[in-house]
Every structure is written in C-alpha cells, then in structure tokens.
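Novice: Any chance you could fold what I've pasted below:
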Amino acid sequence: MVCSVTEPVLSIIRTVSDMLILYTHQLLYCFAILFSIIFMFATFTLKSTYRILSIIYTGMLDTLFHVILNIFISLFIIYCCHSGWEYLKDTYTHKKTKDLVNTQITKYQQMMEEMQQSIQSSSSISKNDIQHMDDDLTKFMEEQM
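Specialist: From the prediction side, this is the model:
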C-alpha cells in the first residue's frame, strides 16, 4: 500500500493560506482604523478625538491579541497533527530496506559458481581422448617435417 504524504501537506498549506488571508483582512481593518484616526484628527476637536481614540485603540489591541493568539493556536494544532501523523506512520508501517550491496554480491557468487561448474563439466575429457589427440598431433608434426 503506497502512502502519499502530499495530501496532508497540501491540506496544511491550504489551512495556513486561509489563515493568512483572514489575518490580512484583519490587518487591513486595522489600517483602515488608523486612517480614520488620522482623518478624525483633522476634523474633530482634540477632546472628542481622544475619546474616540481610546475606544478604537482598545479594540485594535483586542484584535491584534486575537490574531497573535490564533496564530499560536493554529501552529500548535498543526504541530500536534504532524506529530500524531509521524507517530502513526512510524508505528504501523513496515520500513522496506533493500540490501543492494549483499544482493549484488550473492548474485556475483552464484554466477561464478555456475561458471566454475560449467568449466569443470566441459573439462571432463577422458585420458584416452587426450592420448588420442596427442598421437594425432605428433603424426601431423612428423608429416610436416
């Protein structure tokens, strides 16, 4: 059974990208608030601006705190899921190891044994045959001289 690791990784990437989009919207909201604060400085009196700023500032701190808290909680959840996945993968799967060196050595030894056996079987010429070939060779040499 082939286990694909890309599917959990892709889901984690999608989750992180969704969170980044959410946090980007929240940061844009904070910038809009800051822009409105600058606009209020130009239009309202200092006393009313201070009152409005204190209300908005506490809201911005709460929003920023929630954004940072969401980031840490999301990273913690991702880490826990990843650790659980690795534990399950290591516990319930069998690692396949190929011993490439020893398999090649045994194949080489088998080939050498087969070659030696074939050489031994082909060199089993009887002594009579050797004597006959020797006689033929000496006759041939005498004829040539």
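Novice: what's K96 sitting at in phi/psi?
Specialist: phi -100, psi 120 (degrees, to the nearest 10).
Novice: For E142, grab the count of nearby residues.
Specialist: Neighbours of E142 under the rule other C-beta atoms under 10 Å: 8. Where C-beta positions appear, they are placed from N, C-alpha and C, glycine not excepted.
Novice: Next: N70.
Specialist: 14.
Novice: Surely it and T15 touch.
Specialist: No. N70 sits out of contact with T15 when judged by C-beta atoms under 8 Å, with a separation of 11.9 Å.
Novice: Find the residues that touch each one of those two.
Specialist: Common contact partners of N70 and T15 (C-beta atoms under 8 Å, 6 or more residues apart in numbering): none.
Novice: domains of the protein?
Specialist: With domains defined by automatic domain parsing, the chain comprises 6-92, 100-144.
Novice: what's the least confident stretch among those?
Specialist: Lowest mean pLDDT within those: domain 6-92, at a mean of 73.
Novice: Which element, helix or strand, includes K95?
Specialist: When elements are assigned from DSSP states H and E, K95 belongs to no helix and no strand.
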